[in-house]
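In: Coordinates for the following, if possible.
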Amino acid sequence: MTEVANDRLYKIGEVCRIADVQPYVLRYWETEFPSLAPNKSGGGQRLYTRREIDIILRIKQLLYSEGFTIAGAKKKLEAEPVEAAEPVAEAPLRRDLSNALRNVRDELREILRILER
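Out: Numbers count the residues shown, from 1 in each chain. Okay, the predicted model is just below:
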């Protein structure tokens, strides 16, 4: 498993796998959370930094785990100092990536099993 580099840029598909959310969810969150503003490539592809991935995972935690509304999560994020915002540890990120890869592997095995019939 490779480490997630701090200076690397991630495409929306990669971020969706890491955060386990759909692309339309990320695009919607971009409209609601000013701190989430990925750069775009010349072709319009969203490019997320590691910091933006941390923000996405924090938004997901606030909304899905802690039960905040969008408005409540927005206020909570605004109240958290940027420097003091709890960064996402490498281990949970690796776990999320590992789980995503495991799901893909299982799906491929199922497809192969069906094709072998």
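In: roughly how far apart are the residue most central in space within the chain and residue 26?
Out: Among the residues of the chain, the one closest to the centroid is residue 19, at 3.1 Å (CA atoms, centre = their mean). In this view, residue 19 and residue 26 are 8 Å apart by CB to CB, to the nearest Å. Heads up, the C-betas are built off the backbone N, CA and C, glycines and all.
In: overlap in contacts of these two?
Out: residue 56 (CB atoms under 8 Å, 6 or more residues apart in numbering).
In: Quick check: which element contains the spatially closest residue to the residue nearest to the centre of the chain that is not a sequence neighbour?
Out: Using CB to CB, 6 or more residues apart in numbering and skipping the chain neighbours, the partner closest in space to residue 19 is residue 56 (5.1 Å). Using DSSP states H and E, the element containing residue 56 is helix 50-60.
In: What residues of that helix count as buried?
Out: 50, 52-60 (16 or more other CB atoms under 10 Å).
In: Is it possible to get a markdown table of the residues you listed that adds pLDDT and distance to residue 72?
Out: A markdown table is the format used below for the buried residues of helix 50-60 (pLDDT from 0 to 100; distance: CB to CB, whole Å):
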| residue | pLDDT | distance to residue 72 |
| --- | --- | --- |
| 50 | 92 | 25 |
| 52 | 93 | 21 |
| 53 | 93 | 22 |
| 54 | 91 | 19 |
| 55 | 93 | 16 |
| 56 | 95 | 17 |
| 57 | 94 | 17 |
| 58 | 94 | 13 |
| 59 | 95 | 11 |
| 60 | 96 | 14 |
